[in-house]
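Chemist: based on what follows, work out the 3D shape:
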Amino acid sequence: MSIFAVRAPLAWLGPGKLVEDALVVMERGRVVFAGSSKHLAVRFAGEGGSETLSGESAPPEPDEELHVDGFLMPGVVDRHVHIGLSDPGAVLAGGVTGVRDLAWPAETIFSLAEASESPSFNGPLIRCAGPMITCTGGYPTRSSWAPKGTGVEVRGSADAAEAARNLLAGGAAVLKVALNADAGPTLSDEELLAVCEVGHGADVPVTAHCQGRGQVQRAVGAGVDELAHAPWSERLSDDLVQAMAKRMRIVSTLDIHSFGKDTPEVRMALDNLRRFIAEGGAVAYGTDLGNGPIPPGIHVGEVWHLYRAGLSAERLLQALTYRPLAAGEPADLVGLGRNPLENLGALGEVRLVIRAGRRVR
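Modeler: Reported below is the predicted structural model:
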């Protein structure tokens, strides 16, 4: 397998790592070097050894090298999608190299996630929850967007625990529970606790769709690790927001309440998220792709919402990504036309996408 290198005037390799004259070298789907080329005085084998003047191991000489007149960063990860309602190839070409599917029938999504492990897969790496755990008649079993099997209905705590264990055995990387009181009945506290106990016992996070008065408070009390959406159906108390910030993460999905417009729902979600961020809460980028006219790839509208919620430019890049560009890490990266740390609109100017060391765009 060939060794591939990318150079650019500037790169953000991960938190606190902004480098000029950037060089990223990849082999067998992994990064073997990521840093500044101006610090390298490489003497390749046959030319007196293979060490740099700084004492670091020199990167191998590439078989192919690409120059990007712009900015490099790790591939973007969308932590809330329904990939069955979108085109995986378009998602990848738009700069998203990894996604997390948060509710789809097991017979479809688990095999698709397994197929995505191949570097030749025309789409992002997929991690998934499988179907959402819900109660009899609960969300999303009666929703028009959800094919049959998108929700698994449980009765009682023992049934809920068994459903969670079955999903983990099938390949779930996260467990998702439905707490949507606006759409019908919801899981009991005992059922919710049972799912959390199974997830935490397997070191797998539990995420929740919370909608309706009091549902976020129930999730926090049961030990849910993450909210799949920034809460929008009620203004959370400051005490609750402080408690959440200490132990939960929120996936943004703000633009599904806006689609570029100013709405009461997006204002409520932004208010809750601003206070959560101000308390030091962790936020991840997610779009709920498949829900309305959300574009595949990096969604700049979602990014601007996160900026309005109080994330700095660098914290935004952290929210958008998962692993840094560093030796041993997956060779997933995006090349942009400009520096997004100076203008977030640059995230819409995707010039290069590499997934598992393979150039996609």
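Chemist: would you map the helices across this protein?
Modeler: 88-93, 106-115, 157-170, 189-201, 215-222, 238-247, 264-278, 300-308, 313-320 (DSSP state H).
Chemist: run through who's touching the last one.
Modeler: With C-beta atoms under 8 Å, 6 or more residues apart in numbering as the test, helix 313-320 has contacts from 12, 15, 73, 76-77, 252, 283-285, 298, 303, 306-307, 311, 340-342, 344, 347. (C-beta placed from N, C-alpha, C; glycine too.)
Chemist: do that again at 7 Å, thanks
Modeler: 12, 15, 73, 76, 283-285, 303, 306-307, 311, 340-341, 344 (C-beta atoms under 7 Å, 6 or more residues apart in numbering).
Chemist: what's the answer for the longest one, then?
Modeler: Outside of helix 264-278, the residues within contact range by C-beta under 7 Å, 6+ apart are 230-232, 235-236, 238, 241, 244-245, 250, 254, 257-258, 283, 305, 308-311.
Chemist: give the PyMOL command for selecting the buried subset of these.
Modeler: To isolate the buried members of those in PyMOL, using 16 or more other C-beta atoms under 10 Å:
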select buried, resi 230+231+232+236+241+244+245+250+254+257+258+283+305+309+311
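Chemist: pretty sure residue 121 contacts residue 113?
Modeler: No. Taking C-beta atoms under 7 Å as the definition, residue 121 is not a contact partner of residue 113, at 10.1 Å.
Chemist: of these two, which one has the most company?
Modeler: residue 113 (23 against 19; other C-beta atoms under 10 Å).
Chemist: next, the contact list for that one, please.
Modeler: When contacts are counted by C-beta under 7 Å, 6+ apart, residue 113 touches 126, 127, 128, 171.
Chemist: who is the residue nearest to residue 128 when sequence neighbours are not counted paired with across the strands?
Modeler: Leaving aside its chain neighbours, residue 128 sits nearest to residue 101 (4.1 Å; criterion: C-beta to C-beta, 6 or more residues apart in numbering). Beta-bridge partners of residue 101, counted by DSSP bridges, are residue 81, residue 128.
Chemist: which ones are touching residue 101?
Modeler: Counted by C-beta under 7 Å, 6+ apart, residue 101 has contacts 81, 82, 83, 109, 126, 128, 129.
Chemist: which among these end up buried?
Modeler: Counted by 16+ other C-beta under 10 Å, the contacts of residue 101 give 81, 82, 83, 109, 126, 128, 129 as buried.
Chemist: make CSV out of those residues and add distance to residue 25 and pLDDT.
Modeler: As requested, the buried ones among the contacts of residue 101 are exported to CSV (distance: C-beta to C-beta, whole Å; pLDDT from 0 to 100):
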residue, distance to residue 25, pLDDT
81, 30, 98
82, 36, 98
83, 30, 97
109, 34, 98
126, 27, 98
128, 31, 98
129, 35, 98
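Chemist: what would the residues you listed look like in TSV with distance to residue 142?
Modeler: Listed next are the buried ones among the contacts of residue 101 as TSV, based on distance: C-beta to C-beta, whole Å:
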residue	distance to residue 142
81	22
82	17
83	22
109	20
126	26
128	22
129	19
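Chemist: do you know how far the nearest residue to residue 349 once chain neighbours are set aside is from residue 180?
Modeler: Using C-beta to C-beta, 6+ apart and skipping the chain neighbours, the partner closest in space to residue 349 is residue 337 (3.6 Å). For residue 337, the distance to residue 180 equals 40 Å [C-beta to C-beta, to the nearest Å].
Chemist: next one: residue 84
Modeler: 20 Å.
Chemist: please identify which of these two sits among more neighbours.
Modeler: Taking neighbours as other C-beta under 10 Å, residue 84 and residue 180 compare with residue 180 leading, 22 against 16.
Chemist: quick one, what contacts the more buried one?
Modeler: 139, 186, 209, 211, 212.
Chemist: narrow the residues you listed to those in strands?
Modeler: 209, 211 (DSSP state E).
Chemist: output the below-cut-off pLDDT ranges for the protein.
Modeler: 1, 39-57 (pLDDT under 70).
Chemist: just the closest of the contacts of residue 180 to residue 146, please.
Modeler: The nearest member of the contacts of residue 180 to residue 146, counting by C-beta to C-beta, is residue 139 at 8.6 Å.
Chemist: good, wrapping up.
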